[in-house]
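**Student:** Kindly return the folded structure for what I paste below:
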Amino acid sequence: MLKSKTFVKKTRAGGVMKIVREHYLRDDIWCGSEACRECKQESTVLQAEACIESNLCPYPHYVVPDTNVVLHQIDVLEDPVIRNVIILQTVLQEVRHRSAPVYKRLKDMIQAKEKLVYTFTNEHHRETYIEREQGESANDRNDRAIRVAVKWYSQHLKADGLKVVLLTDDQGNKEKAEESIDEYVKNLTANPELVDRLALSKDDKAEIISSKVLFPEHLPLSKIQSGIKSGTFLQGTFKASRDNYLEATVFVQGEGEESTEVLIQGLQNLNRAVHQDVVAVQLLPRNQWVLPSSVVLQDDGAAKDDDVDGDEEEKAVISAAEAAGKPTGKIVGIIKRNWRPFCGMLNVSQIKESTRHLFTPADRRIPRIRIETRQASTLVGQRIMVAIDGWPKNSRYPNGHFVRSLGSAGEKGTEEAVLLLEHDVPHQAFSQNVLSFLPKMPWGITPEDMIKRQDLRHLTVCSVDPPGCTDIDDALHCRELENGNLEVGVHIADVSHFIRPGNALDKEAANRGTTVYLCGKRIDMVPELLSSNLCSLRSNVERLAFSCIWEMNHNAEILKTQFTKSVINSKASLTYAEAQMRIDDTNKKDDITESLRGLNKLAKILKRKRIENGALTLSSLEVRFHIDSETHDPIDLQTKELMETNSMVEEFMLLANISVAQKIYDEFPDCALLRKHPAPPPSNYDILLKAAKSKNVEIHTDSAKALADSLDVAKVDGFSYFNTLLRILATRCMMQAVYFCSGMDSDFHHYGLASPIYTHFTSPIRRYADIIVHRLLAVAIGADITYPDLMDKHKQSALCNNLNYRHKMSQYAQRASVAFHTQLFFKSRGILNEEGFVLFVRKNAIIVLIPKFGLEGTVFFDSKDKAGPSLVFDEEIPGVSVAAPDVEPQAKKPKVDR
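**Tutor:** Numbering: from 1, shown residues only. Here you go, the predicted structure:
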């Protein structure tokens, strides 16, 4: 049966276009129940004996959730207890338009066979399709469509002794004798724990909150939009402070790369915004502008649950400066919430038999969340996940619900799960659909593969990597030519040969963006068959590569550059230490060693030239763990030592990246994927300049070269570590390097490398950006064909945003893994005495660095139990001095918060 709708539409040119929409209705769409005797279906999903222990629905039944139940109660629906579920096409379409994350979870639920979820295409069934009535809203039409489909199901399965229950939160539907999701879950007698996973309804929220208004009302979206348009309000991203829970910054994006930072201080002004929310902010009058607080303040979750204490407000706004304050404002409304499930620990209420408790998130930037649970005694000492449901103006904390337990706190598996979830690292196993695009084994190089490839198997190529590396992206060679010049080659794994544009493997790699390296574990961007085998440039096996080959003179000046797809056979897979020993051993004269010596000699010249041009040599502490092979616990910890060979490999990777960047930009000026490092704004250098000034050292920050030169001569007698400390601070002043599309930006400069253009080409096994660059280069040299998305600058720009996000989260996850393993290392070692340095001074604490362990922690001057010494804080230096006490003070151990 065919339904058609005809209407006319005005075109841009002013003409009129007639549009006919055809909608096909069928009567051969089956119900999916194995109990049904009417439908002639080959396979079924829903069980005939659909029983669940329930006081409300003691009979066999299927459940049909409406759109709001799916959107707000997906945590409940995902529970293994809830089975035999019918998802209507109307609901699926509405969820798809309203929430991409929930839609993905719903699709995963449908695909999980054990969940027994059946999708019924009610919009194409002759008896369940309905037309929208005149004056009826789209939402009301969809509600009616859901009710019609449920009624059809009820009649259709009546003879088979099955009922169909519509689960809803909608008041109108409840009045039409449908079941409330809350009542349904609360009456599941065998599974009382499921109640904790219910998101709070409006009625529940009304019960929890006090009558006292604690926060200003949020403005409606219409007022916010007109305020932004008129310039009364600014729109920006809310970033909460890690060090002070009463302070945050709103980043307001201006024209181009310009952005304004608005400081927010005090609970009233923060007004229920949560980290990463998109907010509307109103600037305060200039005489109320303040400076960021110098106090380290953490919410200790005292009993004053629903009261915004006056003292609390005063603690935050302690830095009012009449002369010079930063733009300061208050949150007037929320434009977009960016809530996600948060990992953390439960703080059990002191009130006996209470079911309401505070949850403390692992991320200090997230406020505590009040949840209701009857499992508190079980959840104590466990890492759990909690979702926020809302934050009423009458409540000191947001309200939420328990999602699931991750395991006991402190256990390695649990803490690893927490850091992967908290940093949004995709870590699920690769799906069968993704794996289906891998090459079939045994794999070998075919004559077709050799078309448009150079055979470089005869060259003395070798790789140099950290110990234990199995995903070898790059290999090098150096040989002398007959004309006396040198030929240097950088050979990179040809991952783009195996990952073709647009397939499931490609989409998965694009979403993951990068491989994440944790201590003792690797979360691959591509399946292991590629990362550790077919793409890895291991020794003595033939591998496909993408080669960048230069002809150079002995002063490392490039005379000729060639890019080619190739086949190589690496002659050795060396560690940095092994390569260094070969270079240093004067008795060794073999081809591999001579190649390494040639590379090392040229690398030193290249590095010297880079530094002369203003490239920065910064410092950050990296530690390496020695892991026990059986327990997988850290047994030794040491800071990483860099050798000449580390620098050798780095120099040629940088050179290859710069050469490729120039080539792809010349060929594709509008859609080259490049990487830039913006120069920091002058205010970023404040911490560095103040630290140097404290020791009467002058640092110039006018340019990268001025900074590099002044860091080179910054020395203090008797304080050998001072220069390293300054370089660590200089690293923290830097902006984040980012991927971008050349057609969407005009500033290409890489500040840290002092290079006018740069990209990433040399690590395609572990970075998706490099795969795109390989594809662009392959098209540029005629080795491959293009495709539409590659040449679309808007799609490239959207891809860059995801890659930048994944790269940043990957770095944070790696740091969190190091911090956790450092804690494991110290767990059984008692008190150690080590040299430490004060990095920053705050009004009530100092931040201390212990270089030997790469450990940084906050030492508070006072604790809850004891008052600290009487201190005088100087904001200018910044520094603290101790006022002379009247009485000899007791020796007191400072509190270290790692």
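
**Student:** what bits of this protein have low per-residue confidence?
**Tutor:** Low-confidence segments of the chain (pLDDT under 70): 1-7, 171-178, 201-211, 255-258, 300-324, 619-640, 863-898.

**Student:** Show me the residue at the heart of it, geometrically.
**Tutor:** Centroid-nearest residue in the chain, with Cα atoms, centre = their mean: residue 809, separated by 3.7 Å.

**Student:** Report how many residues lie close to the closest residue in space to that one that isn't next to it in sequence.
**Tutor:** In this structure, residue 809 finds its nearest non-sequential neighbour in residue 423, 4.5 Å apart by Cβ to Cβ, 6 or more residues apart in numbering. For every residue, glycine as well, the C-beta is placed using N, CA and C. Neighbour count of residue 423, defined by other Cβ atoms under 10 Å: 21.

**Student:** and what of residue 401?
**Tutor:** Per other Cβ under 10 Å, the neighbour tally for residue 401 reads 25.

**Student:** ok, back up a step: I figured the residue nearest to residue 809 hits residue 815, correct?
**Tutor:** No. Assessed by Cβ atoms under 8 Å, residue 423 is found out of contact with residue 815, at 9.5 Å.

**Student:** Tell me which stretches of the stretch 451-600 of the chain form strands.
**Tutor:** For the stretch 451-600 of the chain, the strands defined by DSSP state E, counting those that start in this stretch cover 453-455, 462-465, 474-480, 486-493, 516-518, 521-523, 542-552, 558-569, 572-575.

**Student:** With distance to residue 737 and mean neighbour count added, can I get those in JSON lines?
**Tutor:** Listed next are these as JSON lines, based on distance: least, Cβ to Cβ, whole Å; neighbours: other Cβ atoms under 10 Å:
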{"stretch": "strand 453-455", "distance to residue 737": "32", "mean neighbour count": "16"}
{"stretch": "strand 462-465", "distance to residue 737": "22", "mean neighbour count": "24"}
{"stretch": "strand 474-480", "distance to residue 737": "19", "mean neighbour count": "22"}
{"stretch": "strand 486-493", "distance to residue 737": "20", "mean neighbour count": "25"}
{"stretch": "strand 516-518", "distance to residue 737": "18", "mean neighbour count": "21"}
{"stretch": "strand 521-523", "distance to residue 737": "22", "mean neighbour count": "16"}
{"stretch": "strand 542-552", "distance to residue 737": "21", "mean neighbour count": "22"}
{"stretch": "strand 558-569", "distance to residue 737": "24", "mean neighbour count": "17"}
{"stretch": "strand 572-575", "distance to residue 737": "27", "mean neighbour count": "19"}
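
**Student:** Residue 765: which of the ones you listed is closest?
**Tutor:** Nearest of these to residue 765, taken as Cβ to Cβ: strand 486-493 at 5.6 Å.

**Student:** Please save the CA atoms from the closest one in PDB.
**Tutor:** What follows is strand 486-493, C-alpha atoms only, in PDB (Å, rounded to 0.1, in the frame of the first residue of the first chain):
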ATOM      1  CA  LEU A 486      74.500  10.800   1.300                       C
ATOM      2  CA  GLU A 487      71.100   9.100   0.700                       C
ATOM      3  CA  VAL A 488      68.900   9.100   3.800                       C
ATOM      4  CA  GLY A 489      65.500   7.300   4.000                       C
ATOM      5  CA  VAL A 490      62.700   7.400   6.500                       C
ATOM      6  CA  HIS A 491      60.400   4.400   5.900                       C
ATOM      7  CA  ILE A 492      57.000   4.400   7.500                       C
ATOM      8  CA  ALA A 493      54.500   1.500   7.800                       C
END
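
**Student:** I appreciate the help and will end here.
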